[in-house]
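**Q** 3D, please:
(chains A, B and C)
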Amino acid sequence: MSALLDVENLHIAFDTSRGQLQVVNDINFSIQAGEIFGLVGESGCGKSVTCLSILRLIPKPGGITQGRILFQGEDLLKKSSREMRRIRGNDIAMIFQDPFTSLNPVFKIGQQLFNVVRQHSTRNKTQARQHILSVLDNVGLPDVERVYNSYPHELSGGQQQRVMIAMALISEPQLIIADEPTTALDVTIQAQILRLLRALCDEHGISVLLITHDLGVVSEVCDRSAVLYAGKVVEAAATDELLAHPTHPYTQGLLAALPISSKKGSPLQAITGTVPANPGAIQGCVFASRCPHVFDACHEKHPPQFTVSDNHNAACFLLDDRIAKDNQPEAGSTYE
Amino acid sequence: MSISKLFLGKRGEKLPDDNFDAPPTERSGWHHTLYVIQRDVLAMFSVGWIVLILFCAVFAPVISPYPDQGRGRNNAEARLLPPSTNTLLGTDNLGRDMLSRLIFGARPAILSALVVVTAAVIIGTPLGAVAGYYGGWIDELIMRITDLFLAFPSLLLAMAIVSFAGPSLMNAVLALVVSWWPWYTRLVRSTTRSLRAQYFVEAARSIGVKDRVIITRHILPNTITPIIVQATIDIGTVILATTSLAFIGLGTQAPNADWGLMIEEGRQFLRQAWWYSMFPGIAIFLTVLAFNLIGDTLRDIFDPRQYR
Amino acid sequence: MSNTLIQVNNLVKHFALPGGWLTGQRRVVHALEDVTIDIQQGEVLGLVGESGCGKTTLGRCILQLEKPTAGQVLFGNTDLTRLSKRALRQKRRDMQIVFQNPLASLSPRRTIQQSLIEPLQTHDFPKEEWLSRIHAMMQRVGLGKQHLDRYPHELSGGQLQRISVARALLLEPKLLVLDEPTSALDVSIQAQIINLLDELRHEIGLTYLFISHDLSVVEHLSDRIGVMYLGKLVEIGQTADIINNPAHPYTKALLQSVPRVGVSRDPSHTPLEGNVPSPIYPPSGCRFHTRCPIAETLCTQTEPQLELLDTGQWTACHFTNKETA
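**A** Below you'll find the predicted structure:
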């Protein structure tokens, strides 16, 4: 089965007054039809820029310097800006973190959705209205007629995010890119929205690229996930496998840093140090400066992706039998 | 959207964690300032023109070809001569060298603008800070007073003052100060209100710092940036206002040189001597434009979202 | 039994919204409604709830950063709400706060050292002790002297939050209010800060009021947890009791809504329906009845009071109380 979206060898850089800053460095992943794919990482790891790059929306002075983004087998980077406009909204839709600023405050919800429908389809007025109401109903909004005639400020945060999802769904896209869609929401509302995304996937076969910093969210809804660190994919696998058997020291560290019930009373395992300022300039593994298992090979070149098992790979020399044999971590020194 | 916004802009987004012991980044911002200006041709022109005008104002007696004519001495035999190698920009109806008159005309323009803006900032800023910080009835009182002054047409005020005290540049400046300070009160008040809600002001309050100290130590230093931007743009606007007042006879009086006054004098000779009104007009236009452009550039330089 | 450090009695905070005086309908946000809570010497009291539940307002009212509309805040024997401005400034030495956003908590145009001197200067510490105290405190929070002459924007979020903690502790306060201290930080940095707070507390014998929307963080640090909903305290008790045997239906729903790694969710669980009602027009009776799965007519009319359950926690619900009784 060929993938719906294939991101290959993606490089993104920004020009700053202090020179070029490489923020994404050789990222590869693919999304199958009907799955939720999670892109997890901490701030500055490049996850937001990556998802903007898929729609070619990277703000100046940034740009894609290398790589291919294949959507249904066609390279999006080769499309004209006119073709891209048609793809945005029609085939790929986007949901942002903050619904409050994503909706225009001076227009009614119905009006805003109506404009989207008219732009992307040939429906007449009554058909368009019917379609909007059914989509609003689909995303679980109560009393859709009232919502249709409301201004954004008259809705709660959770309702606004549902409207944003409705706006993304309205042109019946194949892929939805959701950038931290629940970060600005309360946990009880977050649970509702995540459940909705899962249902859309299962019932309508829509694929979702979910960008988040929250491993809990990933474990809740994502089928497969990739962990990003400093502009690189360090580990990717089916979510259950990833969380149950993390092999990259960074993934292990992230999981160990989470406060969970069983760890109460003992200190949390913090990852020492901080993310490198300009990872593009680092020759070896980008995590080497914070890794508890670091050895000589890590500083020489960046580790390639090693296969751990089917559909599970990680970029760490510990997985390379030839290099790592003498450097295997001693028992007890790993994160528990 | 700028790159830094991607990293720390959105609500609730994480802050980047840089190298734990990274060397201190460049602090002066000069590097950044030069980077912005050299990318912008208009900004470079503006800086150049403003430096030139300031130089003219300061060294007028030294650099003008005919300093005595610049001060107002007649030269009746050379009336209304067109531009030539002798008088680069021609002469006026009293035979004075236009270039010298223009160079001397920079003095009242720059001086009055600096005085008006400085006085307006000095009066307006503390009032705005007090109104914005305390709120309540103090705020209400100060803001209603500013409304009163803003509602009064500055031209009418100038005429009123002049009819009492006689026409002079000094009185025109006074009239402009009276109608200008409320803008700074408003600017500083709104900046203060948003600063007051910032955590660092809250933190100072929770430490037990006195209100007076909070205003001078934490609020005012952070209002300087918007004040500088506004003041720069205002210098251009005030030049326009003082020259206008001179034009209608309420500002600088003959025989002193003033760009507005020169346009007015040349008005009667528009057909015979196009250069008479034209050159002072161009001088005003370019100077006001330069201050506006540089104000915009300063805003870009100071914009914290681009500062990284 | 330990001593009570802070006793909050029947605290009410209303924010009047502008306008409405023409129609005679002044709109009021009911941020806190009749909250009674105590903080014991040396404990960590966690306060959880969703946005708009009043947890932050409660913290700010305790510190008198916000003047309560009614009620008492007893610090020892003094009622903070009745102190003069001057006396309150003196008293602030005993209670400090750390905010959510570390970059915004420090004056952008002042160096770290200037920011750290401010509390010492304000409370008349001898000048010759300033630097030695600051150096010792910086070392304690894991930073060095080289950070002192930097400006806030030159440091990372984790470093800045350490500095905020240092500034608060320089005054040797008895109470430290932590208002979402880790929610602007990444997980790996969050763990560093939580560990630091935990160590400091045991070393110095501090009392924390820990405010957060993140249940797992609160659970990790707190001795007791209070749960708030729409300006009301709905449940309070020992951490283990609240986490393992929540009695209030809202607490239960909140616990189930948190996505946790490695804990697969009970598939039969349905997320809480609906949205938090507006605090301008709070529902009658029990404020949770509009979303409560077990609400009955009684709940729409009568407001439940906090009652002590057999399991040890206090809960404000008509039905859970009877169930357990």
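**Q** for stretch C:253-262, the distance to its chain's centre please.
**A** Its chain's average C-alpha position is 21 Å from that of stretch C:253-262, according to CA atoms, centre = their mean, to the nearest Å.
**Q** Pull the residues that contact that stretch.
**A** For stretch C:253-262, the surrounding residues in contact (CB atoms under 8 Å, 6 or more residues apart in numbering or on different chains) are A:187-188, A:190-191, A:194, A:214-220, A:243-244, A:255, A:258, A:260, C:48-50, C:215-216, C:227, C:243, C:246, C:265-266, C:269, C:271-272, C:291, C:293. Backbone N, C-alpha and C define where each C-beta goes, glycine included.
**Q** So for residue 204, what's the pLDDT?
**A** Here I'm looking at chain A. According to the prediction, A:H204 has pLDDT 87.
**Q** oops, I was thinking of chain C
**A** pLDDT, read off for C:I204, is 89.
**Q** Can you get me a residue count around the closest residue to chain B within the stretch 201-336 of chain A?
**A** Nearest residue of the stretch 201-336 of chain A to chain B (CB to the nearest CB) works out as A:T274 at 3.8 Å. For A:T274, the count of nearby residues is 25 (other CB atoms under 10 Å in any protein chain shown).
**Q** ok, now B:P255?
**A** B:P255 is flanked by 14 other residues according to other CB under 10 Å.
**Q** cool, and the one 4 residues further on?
**A** The local packing of B:W259 (other CB under 10 Å) involves 27 other residues.
**Q** Leaving out the residues flanking it, which one is nearest to it?
**A** Sequence neighbours aside, B:P280 is the residue nearest to B:W259 in space, at 4.1 Å (criterion: CB to CB, 6 or more residues apart in numbering or on different chains).
**Q** what about the one you found, distance to chain A?
**A** Using CB to the nearest CB, to the nearest Å, B:P280 is found at 40 Å from chain A.
**Q** What's the first helix or strand after the top helix by length along chain A?
**A** The helix spanning the most residues in chain A, taking DSSP state H as the definition, is helix A:187-204. Next in sequence after helix A:187-204, counting helices and strands by DSSP states H and E, comes strand A:207-212.
**Q** hmm, that next one touching chain B?
**A** No: under the criterion of CB under 8 Å from any CB of the partner chain, chain B is not reached by strand A:207-212; the shortest gap measures 11.7 Å.
**Q** Can you give me the pLDDT of residue 287?
**A** Just so you know, I chose chain A. A:F287 carries a pLDDT value of 91.
**Q** you looked at the wrong chain, it should be chain B
**A** B:T287 is assigned 95 on the pLDDT scale.
**Q** Name the surrounding residues that touch stretch B:157-172.
**A** With CB under 8 Å, 6+ apart as the test, stretch B:157-172 has contacts from B:108, B:112, B:174-176, B:178-179, B:242, B:245-246, B:249-253, B:256, B:258.
**Q** The residue in the stretch 1-150 of chain A that chain B sits nearest to - how many residues pack around it?
**A** Nearest residue of the stretch 1-150 of chain A to chain B: A:S43, at 3.2 Å (CB to the nearest CB). A:S43 sits with 21 neighbouring residues when counted by other CB under 10 Å.
**Q** Which pLDDT does the model give it?
**A** 83.
**Q** Is chain B within reach of the longest helix of chain A?
**A** No: if you take CB under 8 Å from any CB as the test, helix A:187-204 misses chain B, and the best it gets is 12.6 Å.
**Q** I figured the residue of the stretch 201-336 of chain A closest to chain B was touching C:L185, is that so?
**A** No: here A:T274 does not reach C:L185: they are 10.9 Å apart, not a contact under CB atoms under 8 Å.
**Q** what touches both of those two?
**A** C:G158.
**Q** Can you give me the neighbour number for B:S168?
**A** Residues lying near B:S168 (other CB under 10 Å) number 16.
**Q** How much space separates it from B:P61?
**A** The spacing between B:S168 and B:P61, counted by CB to CB, to the nearest Å, is 22 Å.
**Q** residues from the stretch 1-150 of chain C in reach of chain A?
**A** By the rule CB under 8 Å from any CB, the part of the stretch 1-150 of chain C lying against chain A is C:E50, C:S51.
**Q** can you do 10 Å?
**A** C:V48, C:G49, C:E50, C:S51, C:G52, C:C53 (CB under 10 Å from any CB of the partner chain).
**Q** Helices of chain C, start to end?
**A** Secondary structure of chain C by DSSP H: the helices cover C:55-62, C:85-91, C:112-122, C:130-140, C:157-169, C:187-204, C:215-221, C:239-244, C:249-257, C:297-301, C:318-324.
**Q** Repeat that for chain A.
**A** A:47-54, A:81-90, A:99-102, A:109-120, A:125-138, A:144-148, A:157-169, A:187-204, A:215-221, A:239-244, A:249-257, A:296-300, A:321-324.
**Q** Quick one, which of these gets closest to C:D79.
**A** helix A:187-204 (35.4 Å; CB to CB).
**Q** which strands and helices sit next to the closest one?
**A** Counting by 3 or more CB pairs under 10 Å, 6 or more residues apart in numbering or on different chains; DSSP states H and E, the packing neighbours recorded for helix A:187-204 are strand A:36-40, helix A:125-138, helix A:157-169, strand A:175-179, strand A:207-212, helix A:215-221, helix C:249-257.
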